[in-house]
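Undergrad: Task: produce atomic coordinates for the following.
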Amino acid sequence: MDEKKKSQRSILITLVILLLISLSWNVFQLFTHDAAVKSFNQQIDSLIVVRVDLGSELLATTNELNNYMGIAANLDSLVIEANDKIKAQQEKIRVLLKKGHNAENLIKELREELETVKRLKDEYLEKIDELMTENLALQRENMVLSHNVAALSVEKNDLQEKVTTGAKLKVEYVQIKASKKRRNGTYSETSLAKKTNKLEACFSLLENQIARSGKKTLYLRIITPEGLPLGNKLVGSGSFKGPSGEQVMYSASELIDYEKKKLDLCMTYEEDERVLAPGTYLFEIYVDGQLSSVSSYLLR
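TA: Residues are numbered from 1 along each chain as shown. From the prediction side, this is the model:
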């Protein structure tokens, strides 16, 4: 009888152990399933985010590059070349999505393509900037030639004009340049507003034997595309009294010694922050408060 009870007890213990094992296994499977579902959902969210970022970057890149179409033939060729590469990237991305890789690998590959598109955009924007700057240099050379031809006519009429102009000093041959400041502190020419740190106007203050020699104050006044004067007191801007007694804000000033001879000068306005907007800027040059020259300059 004791042996029978022992046997029944052993069977009962065995059943209890098997039941506990079964319950433990079911709990383990439940937690494993929940973790897998959570991980899958996170991958799906990441995949959606990277696809949206990639689509936005592709669209923004195409739109920004197309802004430079129609300016010059060589720029059009460069933009077309860039757009062809963007289309090749789009096709590559379409093939990646079609292959149906697992989510983790696909996210990694799409992020790599996103960085490729960003590098491609920066590369072509730099090329566009260089090409536009080269085009601008050629335009300046043509302007100088035109000015030289016009100067011959001005010199012929100079004697007649001295009677009416008197001692007023003239500013001629204005050349304007925009520059960007590199990380090493050096400057290079640019045509893009968003990259500009410094604006420079170089010109000639012409000879005038009637004018008085001595100290003269030159003012450079830059007008933004919105019609506002560009200036910052922290970098030397201020105001002077205009011909009618009004206060006129200037961007930069310079005190010179004038000895009735032609002087070649440059005046600059510079800020560390790149705050300029695209559009046409007016450059007014005053000599002792009298307006002597007005020029325009386009920043893209």
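Undergrad: what sits against residue 144?
TA: 173, 175 (C-beta atoms under 8 Å, 6 or more residues apart in numbering). Placement of C-beta: from N, CA and C, glycine included.
Undergrad: distance of it from residue 171?
TA: Here residue 144 is placed at a distance of 15 Å from residue 171 (C-beta to C-beta, to the nearest Å).
Undergrad: Show me where the protein has its helices.
TA: All helices of the chain, identified by DSSP state H, fall at 2-66, 73-99, 103-156, 158-165.
Undergrad: Identify the bridge partners of residue 249.
TA: With DSSP bridges applied, residue 249 shows beta-bridge pairing to residue 239.
Undergrad: just checking, residue 281 touches residue 300?
TA: No - using C-beta atoms under 8 Å, residue 281 makes no contact with residue 300, being 11.8 Å away.
Undergrad: More neighbours: these two, which one.
TA: For residue 281 and residue 300, the more surrounded residue by other C-beta atoms under 10 Å is residue 281, and the numbers stand at 21 against 17.
Undergrad: what about that one, distance to residue 105?
TA: Distance from residue 281 to residue 105, by C-beta to C-beta: 51 Å.
Undergrad: lowest-confidence stretch among the helices of the chain?
TA: Mean pLDDT is lowest for helix 158-165 out of the helices of the chain, coming in at a mean of 52.
Undergrad: Quick check: the spatially most central residue of the chain vs residue 276, distance?
TA: The residue lying closest to the centre of the chain (C-alpha atoms, centre = their mean) is residue 194, at 3.4 Å. Distance from residue 194 to residue 276, counting by C-beta to C-beta: 7 Å.
Undergrad: do residue 244 as well
TA: In terms of C-beta to C-beta, residue 244 sits 30 Å off from residue 276.
Undergrad: again with residue 175
TA: From residue 175 to residue 276 the distance is 19 Å (C-beta to C-beta).
Undergrad: For these two, indicate the residue with more neighbours.
TA: Each of residue 175 and residue 276 has its neighbours counted (other C-beta under 10 Å); residue 276 has more, 21 against 16.
Undergrad: For the nearest residue to the more buried one once chain neighbours are set aside, which residues are in contact?
TA: Nearest residue to residue 276, sequence neighbours excluded (C-beta to C-beta, 6 or more residues apart in numbering): residue 193, at 4.5 Å. The contact partners of residue 193, by C-beta under 8 Å, 6+ apart, come to 276, 277, 278, 279, 299, 300.
Undergrad: and the fifth one, what pLDDT?
TA: In this model, residue 299 is scored at 93, pLDDT.
Undergrad: For it, name its beta-bridge partners.
TA: Here residue 299 sits in beta bridges with residue 279, going by DSSP bridges.
Undergrad: Let me know whether it touches residue 279 as I believe.
TA: Yes - with contacts counted by C-beta under 8 Å, residue 299 reaches residue 279, the gap being 6.6 Å.
Undergrad: Can you pick out the residue with more neighbours from those two?
TA: Applying other C-beta under 10 Å to residue 299 and residue 279 shows that residue 299 carries more neighbours, namely 20 against 13.
Undergrad: Distance of the more buried one relative to residue 117?
TA: Taken as C-beta to C-beta, the span from residue 299 to residue 117 is 26 Å.
Undergrad: Ok, residue 260 next?
TA: Distance of residue 260 to residue 117, given as C-beta to C-beta: 60 Å.
Undergrad: neighbours of the closest residue to residue 206 other than its chain neighbours, just the number please.
TA: Excluding the flanking residues, the one nearest residue 206 by C-beta to C-beta, 6+ apart is residue 170, at 4.5 Å. A total of 19 residues lie near residue 170 under the criterion other C-beta under 10 Å.
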